[in-house]
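Asker: Return a 3D structure for these sequence lines:
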Amino acid sequence: GLMLTLGSAGVMNHAMSGLVLIYSRALRKGDVIRVADNEGKVSEIGMLATKIITRENYVVTVPNAVVVSGKITNLSALQPDGSLNLTVSVTIGYDTPWRQVHAMLELAAKRAKGIDLSEPPLVRQLGLMDWYIAYELQVRLLPEQSLAVARNELHSQIQDVFNEFNVQIMSPNFVMQPEGSVMVAKENWYTAPAKPPQGET
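Answerer: Below is the predicted model:
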């Protein structure tokens, strides 16, 4: 009797959580979400569980009570056409001009397939670390563009652009500190592909 009662309570908990998800519209079929360690597209919201298709094309079934009690990141909720924002990060040494890094990341975004260039790429400096600067690139994807495919494409273009301009990516770590001062002379602030503002030389 006790086991039956506990089991029924568990089922009711999942069912009530399912109703919360359905009527609060926190999730909808087709949304791209991140919950716990899983990221993917919602394929089904049932009374007891939610199913997610991951980038590996796996179907992950998450109990609704787990979904409701945890943190849900809905990556597509704010875009009426279902498009997604994608962010990637790199760490670059202090001897590379930050303006050059911004320009290279923007160039990589412009070269990458599946990026909606009507929304300009956004580059942020996330932190000044001991040996390098952490940069983040945010782009808008075209509707129906796969997040995993776009991330792979953007990573590839970033590597190509940085190799093209002979700049070392230090992610996730580096082996040896270069000899001499790690700084950028003013005449190198706008190293290609960076360009100074109009009227500034």
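Asker: now this structure, which segments are flagged as low pLDDT?
Answerer: Within the chain, the ranges that satisfy pLDDT under 70 run 1-24, 82, 172-184, 200-201.
Asker: Chain neighbours aside, what residue packs nearest to the residue nearest the centre of it?
Answerer: The residue lying closest to the centre of the chain (C-alpha atoms, centre = their mean) is residue 87, at 3.5 Å. Leaving out its chain neighbours, the residue that sits closest to residue 87 by C-beta to C-beta, 6 or more residues apart in numbering is residue 138, at 4.6 Å. Using the backbone N, CA and C atoms, a C-beta is placed for each residue, glycine as well.
Asker: Against residue 84, how distant is that neighbour?
Answerer: 11 Å (C-beta to C-beta, to the nearest Å).
Asker: And the two? Which one has more around it.
Answerer: residue 84 (20 against 17; other C-beta atoms under 10 Å).
Asker: what about that one, distance to residue 130?
Answerer: 33 Å.
Asker: Could you do residue 65 as well?
Answerer: 43 Å.
Asker: Between those two, which is the more surrounded one?
Answerer: residue 65 (20 against 5).
Asker: Which parts of this protein are strands?
Answerer: Listed from the start of the chain, the chain has strands (DSSP state E) covering 32-35, 38-45, 49-54, 59-63, 72-74, 85-93, 122-128, 132-140.
Asker: Can I get the ones you listed in CSV including distance to residue 186?
Answerer: Output for these, formatted as CSV (distance: least, C-beta to C-beta, whole Å):
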stretch, distance to residue 186
strand 32-35, 42
strand 38-45, 43
strand 49-54, 48
strand 59-63, 52
strand 72-74, 42
strand 85-93, 18
strand 122-128, 19
strand 132-140, 18
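Asker: Tell me which of the ones you listed sits nearest to residue 168.
Answerer: Judged by C-beta to C-beta, the one of the strands of the chain that comes nearest to residue 168 is strand 85-93, at 6.7 Å.
Asker: Next, the buried residues of the closest one.
Answerer: For strand 85-93, a neighbour-count test (16 or more other C-beta atoms under 10 Å) marks 85, 86, 88, 90, 91, 92, 93 as buried.
Asker: export that strand as PDB, just CAs?
Answerer: Extracted C-alpha coordinates of strand 85-93, given in PDB (Å, rounded to 0.1, in the frame of the first residue of the first chain):
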ATOM      1  CA  ASN A  85      21.400  33.300 -31.400                       C
ATOM      2  CA  LEU A  86      24.700  31.500 -31.300                       C
ATOM      3  CA  THR A  87      27.700  32.500 -29.100                       C
ATOM      4  CA  VAL A  88      31.200  31.200 -29.300                       C
ATOM      5  CA  SER A  89      34.300  32.200 -27.300                       C
ATOM      6  CA  VAL A  90      38.000  32.300 -27.900                       C
ATOM      7  CA  THR A  91      41.000  33.500 -25.800                       C
ATOM      8  CA  ILE A  92      43.700  35.600 -27.400                       C
ATOM      9  CA  GLY A  93      47.000  36.900 -26.000                       C
END
